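Visitor: give me the fold of what follows.
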Amino acid sequence: MKKKHQCSICSKETEKGLYLLQVFICESCEAEMIQTSTDDPKYDYFVKQMSKAHKSMIPS
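Guide: Here you go, the predicted structure:
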């Protein structure tokens, strides 16, 4: 059985996805991020989620 990981964008647990700077992103969010243009309001959401996830990885 493969290990499930929690997506840093949508918080769903899945086996499929990738790690980017130690932040896990599921395949669904990855595909949506790639297709979202920079003028789409959802783009800002993705940027904020990635920033928040990355900051949580940095020790205080």
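
Visitor: need the pLDDT of the closest residue to Lys12 other than its chain neighbours.
Guide: Once flanking residues are discounted, Lys12 sits nearest to Cys26: 6.2 Å by C-beta to C-beta, 6 or more residues apart in numbering. Every C-beta, even on glycine, is put in place using the N, C-alpha and C of the backbone. The confidence metric pLDDT takes the value 96 at Cys26.

Visitor: all helices for this protein, in order.
Guide: Along the chain, the segments classed as helices by DSSP state H run 27-35, 41-57.

Visitor: helices or strands next to the shortest one in the packing?
Guide: The one in question is helix 27-35. Other helices and strands packing on helix 27-35, by 3 or more C-beta pairs under 8 Å, 6 or more residues apart in numbering; DSSP states H and E, are strand 17-20, helix 41-57.

Visitor: repeat for the last one
Guide: If you count contacts as 3+ C-beta pairs under 8 Å, 6+ apart, helix 41-57 packs onto strand 23-26, helix 27-35.

Visitor: how about a cut-off of 10 Å?
Guide: If you count contacts as 3 or more C-beta pairs under 10 Å, 6 or more residues apart in numbering; DSSP states H and E, helix 41-57 packs onto strand 17-20, strand 23-26, helix 27-35.
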